[in-house]
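**Q** Here you go, sequence then predicted model.
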Amino acid sequence: MEVIYNLFFYLISFVLIISALGVVFMPRIVYSAVSLILAFISVAGIFVMLNADFLAITQIIVYAVGITIILIFAIMLTGKISEKKLWIAFAPRTLFAFAISGAFFVTILFAITDGFKLVARESNIFSATLPSLETIETLQTEGTTGIIGKALFTKYVLPFEVLSLLLIAAMLGAIVMTKKSGDNLINHTTKTIEED
Amino acid sequence: MYISGYGILIAFIMFSFAFAAAALILSFIVQPKAPGKLKENTYECGMKPFGDSRIQFDIKYYLYALLFLIFDIEAVFLFPWAVSYNKLGLFALVEALIFIGILILGLVYAWKKDALKWQ
Amino acid sequence: MNLLFDIANVLLPEAFLSILIILCIILTFVLKEENQNLVFAAALTGLILTLFSFIFIPFSQENQALYGNFVSNSFTIIFRILILIGTILTVMLSRRYTSNFSNSIGEFYTLILIATLGGMLLTGANDLIMLFVAIETLSISSFALCGYTKLDKLSNEAALKYLIIGAASTAVMLYGFSFLYGITGQTNIADIIKVLPNYQPSIVLILSFLFILAGFGYKLSAVPFHVWAPDVYQGAPIPVAAYLSVVSKIAGFAALTRFMTLIYSDISIFTVAIAVIAVLTMTVGNLMALGQKNIRRLMAYSSIAQAGYVLLGLSVLTIEGVSGIIFYLIAYLFMNFGTWAAIQIFATETGMDSIDDYNGLAYKNKYFSLCLAICLLSLAGIPFTSGFFAKFYLFKAIAFAGLNYMPLLIIALVNTVLGVFYYVKVIRAMYVRTNNGTAKQNGKLKISLSLQSVLVVTVLTTLLIGVFAGSFIDISKFAAKSITINKKSPVESFSDISSFIR
């Protein structure tokens, strides 16, 4: 079983990395968006393998569906550039960005593997908080969704209720921003955008 | 291993991929091939397409996408409540009702402000 | 019932505010567009009622609510009151501004109220998840408010910059939270403090600190994370710019102070990082402000520099430092709001916001110029204004923290002198220069009642804080007492840096 588990893990990780690279290197932005869907679904697969079933479902419902729709609509809104070929230009600026993100990556890798000790269980960074075997057992039999539900309505009830107001704020903002009528919403001091 | 619960899902995915692939491959093998210029032409009605197939969308589509996302997230948060509803009792019901109530208020707002109306 | 007791004892103002928000949303869609100014009245009365509801909350004892998600003690109460006062001033500042809109008036006030709820919850949040939800509530409403004048190019730019940098820095902050959660296995800060001492320090802890600092640094517009500030303050509606430069910052400082003192207080490398950022923030803010021609950009850099002074108070991590922060923020709230109110009045009447447009203003508008001058002098820290006492008290706390902090004190003093130049530049424009050519502001400014009252209230309070500095310092001291700092001695903490290099 261990072998099959590992096989699936490497398969999903491979798809994830390839599709993530696709997001960056695809010549057309719509292709990138489609590649992103595949990346999101692969992440959901990784969540499944980590026994985080609720996260996997959330990943698919919110990211692979909701966020991608928003993204593709945003691309469609900007009609003029959607077909422009996007290649990464190797200007000094790009190299600088690569260097920074590379250094960032190495630092984080160094930190979370406790100085490149490759087997995470040997390191003592997160070992204090590893769940007990019984906890893992209950998670496997019951699934995480019910447990998250319980936590959401007891321990995290305040953030949960505030979240509804957060979503309302997002909705108000979205409606005000996209509503057609509203032509007089201008500042006192600055020029307005000319109507085409 | 605990992955085994997903065995059926994996088998299902594999079967659906295999089925689609088999249908395509089979039809490719069985089909008679006799391509010609006339055959590749557009069918008699309509004219040849021109220009770009992608046009700039109206911003009102985006509003729907945003509203969809907001209610999508609401659904995600109500899902764990539905799963553990039996164990949580009245208090959680009240909380969930407040949560839903506030978001219904948002829906009523969008409705009243004609945000849902196609202009 | 336990829950209702919690709410009555700890979260009463927030509960009031939530009801007010719901009421405002209902009013927004029930009322016709012409009558939407009623939302302003509702918001203002509601906010004042909310302010009075603090009477029912025990001031001097520490109470937790809802499974330790929120803590109410004298420190958080004073910050929540400051945030509410700031919001009341913002709402009054917006009255004249929104009167030009023919629609979407109610939403403007509702968004301000939701942002305020986020800010108030941020000050007392005692759980990483609560903290994150609160900071997002504050941010998302602010994004929408920044781009509210959507046909305005600069407002669009402001919203876009604020949104993108905000999203990135919140993501980084969340990553830092995830490290902290990975180390301790807890989200509640009280539980984290219990687990953390058993944990052998590693680079992960430093990374978590730096990531969280990046998130807060964005809210406070501290220097490596400040680039959004000038464009946003210039482009956003003026009441929103005032809100961001005061209320949002106060909320951020409250949360950062609690975070620093509770979690990251015992290792000196963290205070060094704060000190470096403080020095950078005030120096860059002041130097960049010197060359500004636009008063809104000037105020943006000024507020960056001011944040630097406050961060300096945090870097010493003493009770005196914290009380210095509180007193400074009390003074900052009023003097900065006064300046923004004056900018708003000038912009509404003349439609201009460059410093040259203020030339010769004092000849026709004596009282207005005097009010603006008082606020600017207070920001500069000229003696016998509230800003002077605030700076003095803060610098005193740094001086008493030990000889190690002497260089910081000297840099801060040099910066204060530097700051005087650009504040005086505006005053000189008003009083010394004459108005040649710019005819628009030649007459007397007609000031609406709501704007007038904001200006008068803020200027009078600025003066009053200067006169009764002692009692305000007492309040700050009392509020700071509820903060516990378990700092090791410098020698001890220097030795534990070596433990990171294993």
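**A** Great, that's in hand.
**Q** And for the host helix or strand of C:F40, what's in contact with it?
**A** Element membership for C:F40 (DSSP states H and E) is helix C:37-52. Contact partners of helix C:37-52, identified using CB atoms under 8 Å, 6 or more residues apart in numbering or on different chains, comprise C:13, C:16-17, C:20, C:23-24, C:27-28, C:31, C:81, C:84-85, C:87-88, C:91-92, C:94-95, C:98-99, C:105-106, C:109-110, C:112-113, C:116. C-beta here means a position set from N, CA and C on the backbone, and glycine is covered the same way.
**Q** if you set the cut-off to 6 Å instead, what comes out?
**A** Helix C:37-52 is contacted from outside by C:13, C:16-17, C:20, C:24, C:27, C:31, C:84, C:87-88, C:91, C:95, C:106, C:109, using CB atoms under 6 Å, 6 or more residues apart in numbering or on different chains.
**Q** Please narrow those residues to those residing in strands.
**A** The members of the contacts of helix C:37-52 all map outside strands under DSSP state E.
**Q** which residues of the chain score low on pLDDT?
**A** Let's take chain A. Within chain A, the stretches with pLDDT under 70 are A:79-90, A:114-130, A:180-196.
**Q** oops, chain C please
**A** C:1, C:200-201, C:435-443, C:486-502.
**Q** switch to 50 and redo it
**A** Chain C contains residues with pLDDT under 50 at C:439, C:489-495, C:497-502.
**Q** Model confidence for the closest residue to A:S164 other than its chain neighbours, exactly?
**A** Spatial nearest neighbour of A:S164, chain neighbours left out: B:I102 (4.0 Å); criterion: CB to CB, 6 or more residues apart in numbering or on different chains. Looking at B:I102, its pLDDT is 92.
**Q** Quick check: the residue of chain B nearest chain A.
**A** B:Q56 (2.6 Å; CB to the nearest CB).
**Q** Check the offset of the longest helix seen in chain A from the chain's centre.
**A** Longest helix in chain A by number of residues, with DSSP state H as the criterion: helix A:2-25. Computed by CA atoms, centre = their mean, to the nearest Å, the chain-centroid distance of helix A:2-25 equals 16 Å.
**Q** hmm, back to that, in a helix, the residue of chain B closest to chain A, correct?
**A** No: with DSSP: H, G, I helix; E, B strand; the rest coil as the criterion, B:Q56 is located in coil rather than a helix.
**Q** to the chain's geometric centre, what's the distance from the helix-or-strand element of chain B with minimal mean pLDDT?
**A** Least confident helix or strand, chain B: helix B:85-88 with a mean of 83, by mean pLDDT, DSSP states H and E. Distance, stretch centre to chain centre, for helix B:85-88: 30 Å (CA atoms, centre = their mean).
**Q** buried stuff in the next helix or strand after that helix?
**A** Going down the chain from helix B:85-88, the next helix or strand is helix B:90-112, by DSSP H and E. Buried residues in helix B:90-112, defined by neighbour count with 16 or more other CB atoms under 10 Å in any protein chain shown: B:92, B:95-96, B:99, B:102-103, B:105-107, B:109-110.
**Q** Let me see the ranges of the strands in the chain.
**A** I'll assume chain A. Counting by DSSP E, chain A contains no strands.
**Q** my bad, chain C
**A** With DSSP E, the ranges of strands along chain C come out as C:63-65, C:70-72.
**Q** tell me what the last one is packed against?
**A** In terms of contacts (3 or more CB pairs under 6 Å, 6 or more residues apart in numbering or on different chains; DSSP states H and E), strand C:70-72 is packed against helix C:105-124.
**Q** what distance separates the helix it packs on from the middle of the whole chain?
**A** Counting by CA atoms, centre = their mean, helix C:105-124 comes out at 14 Å from the chain centroid.
**Q** Report all helices and strands that it contacts.
**A** Using 3+ CB pairs under 6 Å, 6+ apart, helix C:105-124 sits against helix A:157-178, helix C:12-30, helix C:37-52, strand C:70-72, helix C:74-98, helix C:128-146, helix C:249-262.
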